[in-house]
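[1] only geometry, no sequence info:
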């Protein structure tokens, strides 16, 4: 199995570029590992999928061989890890619940090891970019014989089945694997509940404690932590699978070190009494962005920017930064607007808008996630040769503004000029652009391997993840504080 970790890393590094001969060999190797569990792709299903354009999503999508074939790549759907500073400091990778359920019945350890190797490889690639790479691994998937390369710096959270009859069988395996991971340079953690069970005491302490929300409120997680021995309290704590932005913030305020969860589209701010007025800077930026969307006159755009001294200063200062080294001759707003063009200027204003909107504990993280979603939808639209891909950037941006501004989404939609398909997708979850929001939420929720996934409409899960990775890199760069 030594090859599997290397193989998965190569697959993840493929990005958006056409696969090289080496990558094709790697992917073939992984598929051979999974043969017998995942059915081969049918020509009939492939032909059907190739004909889907324009994009419409059925409500009664049935499982196909294409979806099953792509299920293994679903492990690559990263989810941001947020520190108690409110910033995105890394990404989480886990094996989808559907895969765990299906593989739990399989005696074939090769397949389970392939998923473990892919999760670890994905975390390694993130760590190389100076971020926390967190891989969550089911204990019953572990194989002490799995050959590991260097795992220096990555975090591996081991998750246990709750069946007492299974726990004893897993303990020895976990101990062997944990020692092996530490020898390879990884940090290893596991569920706090197991640490507290006297019957299953492990002979080593974890490097961090893993908490899962499940059905419990966040307050229960925080209360349970207060009862831990002091030695455990001093360890970093990661709370995963949190269900909402409010839960994420509550956990961070309750002394949890890191949090992770899905950011889903919500039509109404959950706390109506906690809504805040939209800051004047944000309203001005919205007006300027509307001008760009509606093809406002060049002179009008320039005059609006000049009318805001702060915006003028920030824009001209940015043009002198290293990111725009090729445009050092820009000395005024007219030149800046002409040099940037409408699309790039719109993206710059979007970053500023998100930055000015931040009043929450997780505002910095929300900014990066919003930029990822916006760029991700735009890249999907470009990939499908949509007429105006910039409109999909706006769709992604607006879909996050309700949460960021603590406003009803319907109110935000009224303030930004949007095409009718975007309004339909946001307000009624309907229309031809609905699938773009669905695929974003599938990636965020790590559900690309689900039976009803819409990934097939976008070239398959592997293609979707390559574009998602590119969008994350762009968002991380754009959200850096100067």
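    Received the coordinates, thanks. Since the model is a prediction, treat every value here as computed from it, not as a measurement.
[2] next structured bit after the helix ranked longest in the chain?
    In the chain, assigned by DSSP state H, the helix with the most residues is helix 333-357. Toward the C-terminal end, the helix or strand that comes next after helix 333-357 (DSSP states H and E) is helix 363-383.
[3] so where's the protein shaky on pLDDT?
    Along the chain, segments meeting pLDDT under 70 span 1-76, 161-169, 192-203, 262-276, 322-328, 358-359, 449-450, 481-482.
[4] what residues go with each domain of it?
    Per automatic domain parsing, the structural domains of the chain span 36-74+359-482, 77-261, 277-357.
[5] adding mean neighbour count, write those domains out as a markdown table.
    The C-beta positions use only the backbone N, C-alpha and C, and glycine is treated the same way. Converted to a markdown table, the domains of the chain look like this (neighbours: other C-beta atoms under 10 Å):
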| stretch | mean neighbour count |
| --- | --- |
| domain 36-74+359-482 | 19 |
| domain 77-261 | 18 |
| domain 277-357 | 15 |
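[6] chain neighbours aside, what residue packs nearest to the residue most central in space within the chain?
    By C-alpha atoms, centre = their mean, the chain has its centre lying nearest to residue 79, at 3.5 Å. Nearest non-adjacent residue to residue 79, counting by C-beta to C-beta, 6 or more residues apart in numbering: residue 92, 4.7 Å away.
[7] got phi/psi on that neighbour?
    phi -110, psi 140 (degrees, to the nearest 10).
[8] OK, contacts around residue 249?
    360, 361, 362 (C-beta atoms under 8 Å, 6 or more residues apart in numbering).
[9] so which strand or helix has it?
    helix 245-253.
[10] now do that helix and helix 363-383, the angle between them.
    Using axes from the mean of the first three to the mean of the last three C-alpha atoms, to 10 degrees, the direction of helix 245-253 lies 140 degrees away from that of helix 363-383.
[11] other SSEs contacting the helix or strand following helix 245-253?
    Heading C-terminal from helix 245-253, the first helix or strand you meet, by DSSP H and E, is strand 258-261. Applying 3 or more C-beta pairs under 8 Å, 6 or more residues apart in numbering; DSSP states H and E, one finds that strand 258-261 makes contact with strand 79-83, strand 88-94, strand 237-242, helix 245-253.
[12] residue 366 and residue 280: what is the separation?
    20 Å (C-beta to C-beta, to the nearest Å).
[13] the residue lying closest to residue 463 once chain neighbours are set aside: what's it in contact with?
    Sequence neighbours aside, residue 383 is the residue nearest to residue 463 in space, at 7.3 Å (criterion: C-beta to C-beta, 6+ apart). Contacts here follow C-beta under 8 Å, 6+ apart; on that basis residue 383 touches 458, 459, 463, 467.
[14] ok, and what's touching stretch 284-298?
    With C-beta under 8 Å, 6+ apart, stretch 284-298 has contacts from 300-301, 304-305, 308, 311, 337-338, 342, 345-346, 349-350, 352-353, 356, 391, 394, 415-418.
[15] let's see 10 Å
    Stretch 284-298 is contacted from outside by 278-279, 300-301, 303-305, 307-308, 310-311, 334, 337-338, 341-343, 345-346, 349-350, 352-357, 388, 390-391, 394, 397, 401, 412, 415-419, using C-beta atoms under 10 Å, 6 or more residues apart in numbering.
[16] could you do stretch 303-312 as well?
    So stretch 303-312 is in contact with 281, 284-285, 287-288, 291-292, 296-297, 314-316, 332-334, 336-337, 345, 349, 352, 356, going by C-beta under 10 Å, 6+ apart.
[17] chain center to it: distance?
    Centroid separation for stretch 303-312 versus its chain: 34 Å, with C-alpha atoms, centre = their mean, to the nearest Å.
[18] likewise for stretch 356-363?
    Distance, centroid of stretch 356-363 to centroid of chain: 19 Å (C-alpha atoms, centre = their mean).
[19] quick one: end-to-end distance for it.
    Counting by C-alpha to C-alpha, to the nearest Å, you get 10 Å between the two ends of stretch 356-363.
[20] cool, stretch 117-137 as well?
    Start-to-end, stretch 117-137 (C-alpha to C-alpha) is 10 Å.
[21] ok so, going back, name the helices or strands packed onto the longest helix of the chain?
    Helix 333-357 sits against helix 280-293, helix 298-306, helix 309-319, helix 363-383, helix 390-405, helix 461-478, with contacts defined as 3 or more C-beta pairs under 10 Å, 6 or more residues apart in numbering; DSSP states H and E.
[22] does residue 84 really touch residue 364, like I thought?
    No. Counting by C-beta atoms under 10 Å, residue 84 does not reach residue 364; the two are 11.5 Å apart.
[23] circling back: would you mind giving the helices and strands packed on strand 258-261 as CSV with distance to residue 155 added?
    As requested, the helices and strands packed on strand 258-261 are exported to CSV (distance: least, C-beta to C-beta, whole Å):
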stretch, distance to residue 155
strand 79-83, 9
strand 88-94, 8
strand 237-242, 8
helix 245-253, 17
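[24] wait, which of the ones you listed is closest to residue 477?
    The closest of the helices and strands packed on strand 258-261 to residue 477 is strand 88-94. By C-beta to C-beta, the value is 12.3 Å.
[25] what strands line up against that closest one, and which way round?
    Strand 88-94 pairs in its sheet with strand 79-83 (antiparallel), strand 132-138 (parallel), by DSSP bridges.
[26] the shortest one: how far from the chain's middle?
    Centroid separation for strand 79-83 versus its chain: 9 Å, with C-alpha atoms, centre = their mean.
[27] with stretch 133-153 instead?
    Worked out by C-alpha atoms, centre = their mean, stretch 133-153 lies 21 Å from the chain centre.
[28] over to stretch 397-409?
    Taking mean C-alpha positions (C-alpha atoms, centre = their mean), stretch 397-409 and its chain are 18 Å apart.
[29] now stretch 82-102
    8 Å.
[30] so how far is the first residue of it from its last?
    By C-alpha to C-alpha, one end of stretch 82-102 lies 30 Å from the other end.
[31] do stretch 237-251 as well
    10 Å.
[32] please compute how far it lies from its chain's middle.
    With C-alpha atoms, centre = their mean, you get 15 Å for stretch 237-251.
[33] what do you get for stretch 307-320?
    Using C-alpha atoms, centre = their mean, the offset of stretch 307-320 from its chain centre is 31 Å.
[34] next: stretch 407-421.
    Distance, centroid of stretch 407-421 to centroid of chain: 24 Å (C-alpha atoms, centre = their mean).
[35] and what of stretch 240-260?
    With C-alpha atoms, centre = their mean, you get 16 Å for stretch 240-260.
[36] pull up the distance across it, start to finish.
    5 Å.
[37] just stretch 84-99 next, same as before
    31 Å.
[38] need the contact list for residue 135.
    Counting by C-beta under 10 Å, 6+ apart, residue 135 has contacts 75, 91-95, 116-124, 126, 151, 154-158, 181, 186.
[39] in helices, which of those residues fall?
    Reading helices off the contacts of residue 135 with DSSP H, I get 116, 117, 118, 119, 120, 121, 122, 123, 124, 126, 181.
[40] of the residues you listed, which is the nearest to residue 215?
    Among the ones in helices among the contacts of residue 135, and counting by C-beta to C-beta, the member closest to residue 215 is residue 119, at 24.8 Å.
[41] which residue is the nearest non-sequential neighbour of the closest one?
    residue 135 (4.0 Å).
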